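A.B. asks: generate a structure from the sequence data that follows.
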Amino acid sequence: MKRLFSLALCFLISTSLNAQDAKPEDVKSADAIIAALYDVISGPAGEKRDWDRMKSLFIPEGRLMPTGKGPNGVGYRTWTVQEYIDQAGANLEKMGFFEVEISRKSEAYGTISHVFSTYESRKTLADEKPFARGINSIQLLNGGDRWWIVSVFWMGETPEYKLPAKYLPGN
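C.D. replies: Okay, here's the model as predicted:
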């Protein structure tokens, strides 16, 4: 019975991971898929983003989850990729938004990889200072022939929660 369950699980995983086509160069490695993620959400004001490209980076059940602490305590949101696009897409395109990775810490085992990706956000590439910084906690799956994003869980830097030095460039 245990063996049958394992085979069924493998079958379900292998069939569901073929649901979305991606550019091979976007998903050939952990580095490539993270670069594609930052690239697809970034662009100048008025520029449409390639949301189909973004969807192709994630497993079909992929999630994006911001968290933070507000006046009522710690909170979070959970979005599917489409819900993220519906909630944030128009604002990113309207105001201009560039998110750039400035540091990374990664760990991997077998088919899974976890990346703590420190970012800075600007409205234009010419902006001297970022308007936001934070950490994206990105979970990846190595599907054998390509990489997938399983989830992105992030928190922006606040006066209470400064970015630790170990997650900044040079550490």
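
A.B. asks: okay, CA-based contacts and neighbour counts for the rest of this
C.D. replies: Will do.

A.B. asks: quick check: which element contains the residue positioned nearest the centre of the chain?
C.D. replies: In the chain, the residue lying closest to the centroid (Cα atoms, centre = their mean) is residue 152, at 4.2 Å. If you go by DSSP states H and E, residue 152 is part of strand 147-156.

A.B. asks: ok, now residue 88?
C.D. replies: Judged by DSSP H and E, residue 88 forms part of helix 81-95.

A.B. asks: show me where the chain has strands.
C.D. replies: Residue ranges of the strands in the chain, as given by DSSP state E, are 58-70, 73-76, 79-80, 98-109, 112-122, 132-142, 147-156.

A.B. asks: burial measure for residue 28, as a count.
C.D. replies: Residues lying near residue 28 (other Cα atoms under 10 Å) number 17.

A.B. asks: from residue 75, how far out is it?
C.D. replies: From residue 28 across to residue 75, the span is 34 Å (Cα to Cα, to the nearest Å).

A.B. asks: what does residue 118 give?
C.D. replies: 20 Å.

A.B. asks: out of these two, which sits in the more crowded spot?
C.D. replies: Neighbours per residue (other Cα under 10 Å) separate residue 118 from residue 75, with residue 118 holding more: 24 against 11.
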